[in-house]
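Student: Show me how the following folds:
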Amino acid sequence: MAVVPEVVFVLGGPGAGKGTQCEKIVETFGYTHLSAGDLLRAERSRKGSEFGTLIEKCIRDGSIVPVEITLALLKKAMEETMAKDPSKNLFLIDGFPRNKDNLEGWQRHMGGKAHVKFVLFFDCSNEVCIDRCMERGKSSGRSDDNRESLIKRIETYLTSTKPIIDSYSVEGKVQRVDAAGAVAEVFAEVKKVFEKK
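Tutor: Okay, here's the model as predicted:
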């Protein structure tokens, strides 16, 4: 039987430290990190992409890219990883699902094709998130690391992503980590979660 991808969804506000912590999880626990945002940004700048303009508009507006596009990119990335090495079936999917539509799309297209182990939720105040992103914006070159986009992104996160976290909480599938501390402190908490699971 084919190996099924084992997935951990990594959620939290913009600047909660998802990318930074995912790098450490990859090093320590051998997962493959797939960032929905990075995949979308790469697709946006890929020459000849049919979705580039639409993705750019969504990123600028702080809105959510249609689920079919994001899912197609995630599925392709998982398949390519496992085709190279079938034992690489542990994935961190960072920044997805971002809303109810994403979650329903995942269940429709990936239900039975991938197993969601749990949701790793980096909990952090809006102020900390904004400060971190503003700092990151000085060197990241990301068009959405500015105060105006950030306020929109945080609003989108609170109205759209927070209910996803709440719905997984009901199933007992959320592992909450306080993400306000220094990188090493946060990772110490993350390690405990992965060692338990």
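Student: Tell me which residues are up against the helix or strand where residue 108 lies.
Tutor: Taking DSSP states H and E as the criterion, residue 108 maps to helix 100-110. Here helix 100-110 makes contact (Cβ atoms under 8 Å, 6 or more residues apart in numbering) with 64, 67-68, 70-71, 75, 96-97, 160, 163-164, 167. Where C-beta positions appear, they are placed from N, C-alpha and C, glycine not excepted.
Student: What residues does the nearest residue to residue 161 once chain neighbours are set aside make contact with?
Tutor: Ranked by Cβ to Cβ, 6 or more residues apart in numbering and with sequence neighbours excluded, the top spatial neighbour of residue 161 is residue 98, at 5.1 Å. By Cβ under 8 Å, 6+ apart, residue 98 lies in contact with 36, 64, 156-157, 160-161, 164.
Student: Please repeat the previous calculation with a cut-off of 6 Å.
Tutor: 64, 160-161 (Cβ atoms under 6 Å, 6 or more residues apart in numbering).
Student: ditto for residue 37
Tutor: Residues near residue 37 by Cβ under 6 Å, 6+ apart: residue 95.
Student: how close does it sit to residue 54?
Tutor: Distance of residue 37 to residue 54, computed by Cβ to Cβ, to the nearest Å: 15 Å.
Student: just to revisit the earlier point, which of the contacts of helix 100-110 sit farthest apart?
Tutor: Using Cβ to Cβ, the two most remote members of the contacts of helix 100-110 are 75 and 163, lying 23.8 Å apart.
Student: okay, the angle between the longest helix along the chain and helix 100-110?
Tutor: Using DSSP state H to define each element, the chain has its longest helix at helix 67-84. Helix 67-84 runs at 40 degrees relative to helix 100-110, counting by axes from the mean of the first three to the mean of the last three Cα atoms, to 10 degrees.
Student: tell me what helix 67-84 is packed against?
Tutor: Other helices and strands packing on helix 67-84, by 3 or more Cβ pairs under 6 Å, 6 or more residues apart in numbering; DSSP states H and E, are strand 32-35, helix 36-45, helix 100-110.
Student: So for it, what gets flagged as buried?
Tutor: By neighbour count with 16 or more other Cβ atoms under 10 Å, helix 67-84 contains the buried residues 67, 69-71, 73-74, 77-78, 81-82.
Student: Kindly reformat these as a markdown table containing pLDDT and distance to residue 188.
Tutor: Shown next, in a markdown table, are these (pLDDT from 0 to 100; distance: Cβ to Cβ, whole Å):
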| residue | pLDDT | distance to residue 188 |
| --- | --- | --- |
| 67 | 93 | 34 |
| 69 | 95 | 36 |
| 70 | 94 | 31 |
| 71 | 95 | 33 |
| 73 | 95 | 32 |
| 74 | 96 | 29 |
| 77 | 96 | 29 |
| 78 | 97 | 29 |
| 81 | 96 | 28 |
| 82 | 96 | 30 |
